[in-house]
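1. I would like the atomic coordinates for the input below:
(2 chains)
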Amino acid sequence: MTQKEDKKVKLRFAPSPTGPLNIGGVRTALFNWLFARHEGGLFVLRIEDTDRQRSEARYEEDIKKSLEWLGLSWDELYRQSDRLERYKFYLQTLLEKKYAYYCFCSEKELEDEYQAQLSQGIPPKYSGRCKSLSDEEVQKRLKKENGVIRFKMPEKEISFNDLVRGRVTFDTRLIGDVIIAKGLNEPLYNFANVVDDFEMGITHVVRGEEHISNTPRQIALQEVLNFPSLVYAHLPLILGSNKKKLSKRDLAKSIGDYKAEGYIPEAMINFLVLLGWHPKKDREILSIKEMIDEFSFERVQKAGGVFNPEKLDWLNGHYLRLKNPDELISALDVFIPEKWKEEKERLKKVVMVEKERMKRLGEFVSLSDFFFELRDYEKTLLIWKKSNEKDTFENLKHIHATLISLEDFSHESLESAINPLAEAQGRGNVLWPLRAALSGRAASPGPFELLDILGKKESLERISVAIKKLSS
RNA sequence: GGCCUCAUCGUCUAACGGCUAGGACAAUGCCCUCUCACGGCAUAAAUAGGAGUUCGAUUCUCCUUGGGGCUGCCA
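-> Just a heads-up that it's a prediction; the model follows:
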């Protein structure tokens, strides 16, 4: 490793594949990624699958797919289950140097101890009963039963400088000897994490605030192993509307769920970056480049933030409107019926007209299905609120007659053909029935846009249907 | 309970001792308009409470209150 590379920052996103990637995870990944890119450093993805019971390959896939979809690319990829030998090595070192010891206490014993301490009003922690077991005793018991490995927590104050919170201090006397492995081949989070951060050359640890109390344990481990210290930044939690943590254990939605509803990556990223961070010159809409250029931990919020779905909707609508028809059609691909795709030109026009009304891609079909198939409607729909049945009938007949002889069905030509009538009869008297007849709906794009998209033949048919309804 | 931590409109936030506390989402009203949406304009809406430091506190200190996280052989 050269001197120059040595100075590069290196960050990691370290999710455990025990569930699909959620909003909180993405925000953590995003801030790591943004800082790494801002500094011209590296971003690594580390799958923390030491919990064999709950880790699943499909979740690892989901995490990778989701990050790719969002554009959060990683430079290196690791999986903890591939690195068991490394943890074993350090575990043996710790054991040999007596920084760690085997513990054979049963879960029942531990639970009783815990309850007893609690009822006496003293802070619960492991008593250290197995700390003084002799080597012979340990070897003997290991042949018959499984023991866990505990780290001898040094008794002192540990403090670190957090990039978002400043100095944070803990008293390790309150912590007790933490279990760092269930055996030589089964490392646990606090330990595997420390080994990996060292071996992978991580410089900055950026993670959720829920890990803040793990930090002193990890620092204590680093100290006895002679690992260099790291820079920490603990991000405020993302909260639900009840102000409670939004975690995988809650019913928090996964990124896949948001994708399925029709949220797009630009909106998700923009929304999330604003949840806990703000650019210096207050703005809401930011490109990825601007985020990278301007990101800094000094501007990261300390207090937890409530997830605000309306703002996400607004941003999503904004980014949707920025797209051109081809981009929109390909984004819409999984949402629309195959039949619609056969009418490419019409679909293109529909997409451009309806994008103003769309907040999520998932709304597109219900918003625009009438373009492809007119549903039955009540004849009262055709009558404008300030009009009556007779005028409506007359006006529609007039429109029908006008359109039937119109060759050029372009927007401008349509307007100049119909406007005289609309001006003479009152715009609402003419345009409302026309639009209602064409769409079968109370709310829709304007009549000229509908005529243009539907074409002469279909427009006339729909108007005839309306006339028939009124004369029956 | 213990430890850590946080506190500006309903929500996301700006103001890093000095204007009538600014913006955005949402809400409401108006304009545009045949409708819906987009867009434009406008209104309402906040420094949790109490001491202290200071000529002056949203900002600094302390206390109170309230919220959150952790307290796993999960991460």
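2. who in the stretch 301-450 of chain A is up against RNA strand B?
-> Listed as neighbours of RNA strand B in the stretch 301-450 of chain A under the rule C-beta under 7 Å from any atom of the strand: A:301-306, A:308, A:310-311, A:313-314, A:317-318, A:321, A:356-357, A:384, A:422, A:427-428, A:431-432, A:435, A:442-448. C-beta: built from backbone N, CA, C; applies to glycine.
3. May I see the ChimeraX selection of the buried members of the residues you listed?
-> Applying 16 or more other C-beta atoms under 10 Å to these, the buried members can be selected in ChimeraX as follows:
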select /A:304,305,317,357,384,422,431,432,435,444,445,447,448
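4. Show only the entries of the residues of the stretch 301-450 of chain A next to RNA strand B found in helices.
-> A:310-311, A:313-314, A:317-318, A:321, A:422, A:427-428, A:431-432, A:435, A:447-448 (DSSP state H).
5. Please list all residues in contact with the residue in the stretch 1-150 of chain A that RNA strand B sits nearest to.
-> Going by C-beta to the nearest atom of the strand, RNA strand B is nearest to A:Glu48 of the stretch 1-150 of chain A, at 3.2 Å. By C-beta atoms under 8 Å, 6 or more residues apart in numbering, A:Glu48 lies in contact with A:Ala14, A:Pro15, A:Ser16, A:Pro17, A:Gln80, A:Tyr189, A:Ala192, A:Asn193.
6. hmm, try it at 6 Å
-> If you count contacts by C-beta atoms under 6 Å, 6 or more residues apart in numbering, A:Glu48 has them with A:Ala14, A:Ser16, A:Gln80.
7. From those, list just the buried residues.
-> Looking at the contacts of A:Glu48 with 16+ other C-beta under 10 Å, the buried ones turn out to be A:Ala14, A:Ser16, A:Gln80.
8. Give me the buried positions along the helix or strand where A:Lys348 lies.
-> Element membership for A:Lys348 (DSSP states H and E) is helix A:344-354. The neighbour-count check on helix A:344-354 (16+ other C-beta under 10 Å) flags A:Arg346, A:Leu347, A:Lys348, A:Lys349, A:Val350, A:Val351, A:Met352, A:Val353, A:Glu354 as buried.
9. Next: stretch A:196-215.
-> By neighbour count with 16+ other C-beta under 10 Å, stretch A:196-215 contains the buried residues A:196-198, A:201-209, A:211-212, A:215.
10. out of those, which touch RNA strand B?
-> A:Glu209, A:His211, A:Ile212.
11. burial of the closest residue to A:Arg441 other than its chain neighbours, as a residue count?
-> Excluding the flanking residues, the one nearest A:Arg441 by C-beta to C-beta, 6 or more residues apart in numbering is A:Phe370, at 6.1 Å. Residues within reach of A:Phe370, counting by other C-beta atoms under 10 Å, total 19.
12. Check A:Lys468 too.
-> Going by other C-beta under 10 Å, the residues that sit close to A:Lys468 add up to 10.
13. measure it to RNA strand B for me?
-> Counting by C-beta to the nearest atom of the strand, to the nearest Å, the gap from A:Lys468 to RNA strand B is 21 Å.
14. chain center to the helix or strand harbouring that residue: distance?
-> Per DSSP H and E, A:Lys468 falls inside helix A:447-471. Centre-to-centre, helix A:447-471 and its host chain are 43 Å apart (C-alpha atoms, centre = their mean, to the nearest Å).
15. From the contact counts, what lies against it?
-> helix A:389-404, helix A:411-425, helix A:427-439 (3 or more C-beta pairs under 6 Å, 6 or more residues apart in numbering; DSSP states H and E).
16. follow-up on the earlier one: tell me the one among the buried ones among the contacts of A:Glu48 nearest to A:Leu91.
-> Among the buried ones among the contacts of A:Glu48, A:Gln80 lies closest to A:Leu91 (C-beta to C-beta), at 13.6 Å.
17. Leaving out chain neighbours, which residue sits closest to A:Asn395?
-> Using C-beta to C-beta, 6+ apart, the closest residue to A:Asn395 is A:Val430 (5.0 Å).
18. Now do the same contact list for the one you found.
-> A:Val430 neighbours (C-beta under 6 Å, 6+ apart): A:Asn395, A:Leu421, A:Ala422.
19. And the first one, what's its pLDDT?
-> The reference is to A:Asn395. A:Asn395 carries a pLDDT value of 97.
20. just to revisit the earlier point, from A:Gly256, how far off is the nearest residue to the residue of the stretch 1-150 of chain A closest to RNA strand B once chain neighbours are set aside?
-> Nearest residue to A:Glu48, sequence neighbours excluded (C-beta to C-beta, 6+ apart): A:Ser16, at 4.4 Å. Look at A:Ser16 and A:Gly256: by C-beta to C-beta, to the nearest Å, they are 17 Å apart.
21. Equivalent analysis for A:Ala401, please.
-> 53 Å.
22. One more: A:Asp391?
-> 52 Å.
23. Now do the buried residues in stretch A:433-443.
-> Quick answer for stretch A:433-443 (16+ other C-beta under 10 Å): A:Pro433, A:Leu434, A:Arg435, A:Ala436, A:Ala437, A:Leu438, A:Ser439, A:Gly440.
24. Output it as PDB, nothing but the C-alphas.
-> This file holds the C-alpha atoms of stretch A:433-443, laid out as PDB (Å, rounded to 0.1, in the frame of the first residue of the first chain):
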ATOM      1  CA  PRO A 433     -69.400  17.600 -21.900                       C
ATOM      2  CA  LEU A 434     -66.700  17.100 -24.600                       C
ATOM      3  CA  ARG A 435     -64.100  16.100 -22.000                       C
ATOM      4  CA  ALA A 436     -66.500  14.000 -20.000                       C
ATOM      5  CA  ALA A 437     -67.700  12.200 -23.100                       C
ATOM      6  CA  LEU A 438     -64.100  11.500 -24.100                       C
ATOM      7  CA  SER A 439     -62.900  10.400 -20.700                       C
ATOM      8  CA  GLY A 440     -65.900   9.200 -18.900                       C
ATOM      9  CA  ARG A 441     -64.500  11.000 -15.900                       C
ATOM     10  CA  ALA A 442     -65.100  14.100 -13.800                       C
ATOM     11  CA  ALA A 443     -61.300  14.700 -13.600                       C
END
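25. tell me the mean pLDDT over it?
-> Here the average pLDDT along stretch A:433-443 is 98.
26. Low-confidence stretches in the stretch 201-350 of chain A?
-> Along the stretch 201-350 of chain A, the model assigns pLDDT under 70 to residues A:245-252.
27. now do 90
-> Low-confidence segments of the stretch 201-350 of chain A (pLDDT under 90): A:240-253, A:281-282.
28. Show me the strands in it, by range?
-> Assigned by DSSP state E, counting those that start in this stretch, the stretch 201-350 of chain A shows strands spanning A:204-208, A:231-235, A:238-239, A:305-306.
29. I am finished for the moment; much appreciated.
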